[in-house]
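A.B. asks: need coordinates for the below:
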Amino acid sequence: MKEIMAIIRGQKVNETLEALYEIGVVSVTVHSVNGRGRQGGSIMENIDPEMPKDIEYVSKIYTSPTPSSMAGSSALTKPIFWMPKNLLDFVVSDVPVKKVVDTIMKVNSTGKHGDGKIFVLPIRDALRIRTGETGEKAII
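C.D. replies: Numbering: from 1, shown residues only. Here you go, the predicted structure:
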């Protein structure tokens, strides 16, 4: 059994879930997440070219309580926005991991920054709370 975690763009969730369903992956948990990758998130100077390059704190964003909206006293050197993404999380045993990963890659690869990440982790055991089933029976 393997756990697969895929962090993808929000607009790709439905297409990805449909493609996974077609190959036999039916049980998926979807999380709304915020984060940043290698490029450090969406730098405010990319959005507002008038932003001073030597600003010493993260701008407060008042639209909703996000990590960046509460970071006004942070020591970060550039204001950033956390990028909204979705995390798909599921365990497979009867669908080959390579097939799942290839499907996620096919749907989500645009060749641009922010396409996402896929993590594959080993699962030692699983337990279905309602029935007490363990192992592969518990994830189907």
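A.B. asks: show residues contacting stretch 94-110.
C.D. replies: 2, 4, 6, 8-9, 12, 15-16, 19-20, 23-25, 88, 92, 115-116, 118, 120, 136, 140 (CB atoms under 8 Å, 6 or more residues apart in numbering). Just so you know, the C-beta spots here come from the backbone N, C-alpha and C atoms, and that holds for glycine as well.
A.B. asks: can you pull the buried residues of that stretch?
C.D. replies: 95, 100, 103-104, 107-108 (16 or more other CB atoms under 10 Å).
A.B. asks: could you find the lowest-pLDDT member of those?
C.D. replies: Within the buried residues of stretch 94-110, Val95 has the lowest pLDDT, namely 86.
A.B. asks: state whether that residue is indeed within a strand.
C.D. replies: No - counting by DSSP: H, G, I helix; E, B strand; the rest coil, Val95 falls outside a strand, being coil.
A.B. asks: leaving out chain neighbours, which residue sits closest to it?
C.D. replies: Sequence neighbours aside, Gly24 is the residue nearest to Val95 in space, at 4.6 Å (criterion: CB to CB, 6 or more residues apart in numbering).
A.B. asks: appreciated, that's everything.
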